[in-house]
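Engineer: fold the following, please.
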Amino acid sequence: MSDKAMTLSEQILLEKCRDIELLCKDLYSYFAELYSDNQGVAHIWRKTATEEQNHADQFSLALKLRKDLPCTVLTDAARVESILSSLRVVIAQVKAAPPTLVDALNSAIKLEKYLSEFHVDCVARFEDESYGKMFSAMMSSDCEHIESLQAEYDKLTGAQDWTFTG
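Structural biologist: Alright, predicted model coming up:
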């Protein structure tokens, strides 16, 4: 293990990344409640909210181990703060004027795609390989979120996979 601990700025950025995950969890929990009459979709919202909580817990673990878990944060504070601010605005808007289920799914798909790119591009690089793998697994679960949300969106909108198999 390295003798280098996380810097205060790295800790703050990881805390904000955790906050992003928690805001996503709150949004998906709200959608699960809002669309509880559709059991299939409500299940996907709850499952995705739980996974976002798990992601937040991983950031919390990294922060608890900060003295023994050196990392390099690869993003800047302005980008993280912009995402946090945008999420807060979106949550306030959907609570003030709930979207249709199709619009909620579409927005969640866009959000997950954006956050997936954010995670892959720039969250953190850990010196400990096992923690690096843990965060890589977290990032790959974003793709699963997108796939399940997209499948429900396609089902509701009648979209079909027009891939030719011949």
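Engineer: please make it C-alpha for all contacts and neighbour counts, starting now.
Structural biologist: Fine.
Engineer: which strand or helix spans the most centrally placed residue in the chain?
Structural biologist: Centroid-nearest residue in the chain: Glu21, 5.1 Å away (criterion: CA atoms, centre = their mean). For Glu21, the host element (DSSP states H and E) is helix 8-34.
Engineer: just to revisit the earlier point, what sits against the residue nearest to the centre of the chain?
Structural biologist: 52-53, 55-56 (CA atoms under 8 Å, 6 or more residues apart in numbering).
Engineer: and Ala108, how many neighbours?
Structural biologist: 21 (other CA atoms under 10 Å).
Engineer: hmm, it is touching Leu149, no?
Structural biologist: Yes - assessed by CA atoms under 8 Å, Ala108 is found in contact with Leu149 at 7.5 Å.
Engineer: which outside residues touch the host helix or strand of Ala78?
Structural biologist: Taking DSSP H and E as the definition, one finds Ala78 inside helix 77-96. For helix 77-96, the external contacting residues (CA under 8 Å, 6+ apart) are 13, 16-17, 19-20, 23-24, 27.
Engineer: any idea of the angle that helix forms with helix 8-34?
Structural biologist: 20 degrees (axes from the mean of the first three to the mean of the last three CA atoms, to 10 degrees).
Engineer: could you list the buried residues of helix 77-96?
Structural biologist: 77, 80, 83-84, 87, 91 (16 or more other CA atoms under 10 Å).
Engineer: same question for stretch 10-28.
Structural biologist: For stretch 10-28, the neighbour count (16+ other CA under 10 Å) marks 10-11, 13-28 as buried.
Engineer: what does stretch 147-159 give?
Structural biologist: So for stretch 147-159, counting by 16+ other CA under 10 Å, buried means 148-150, 152-154.
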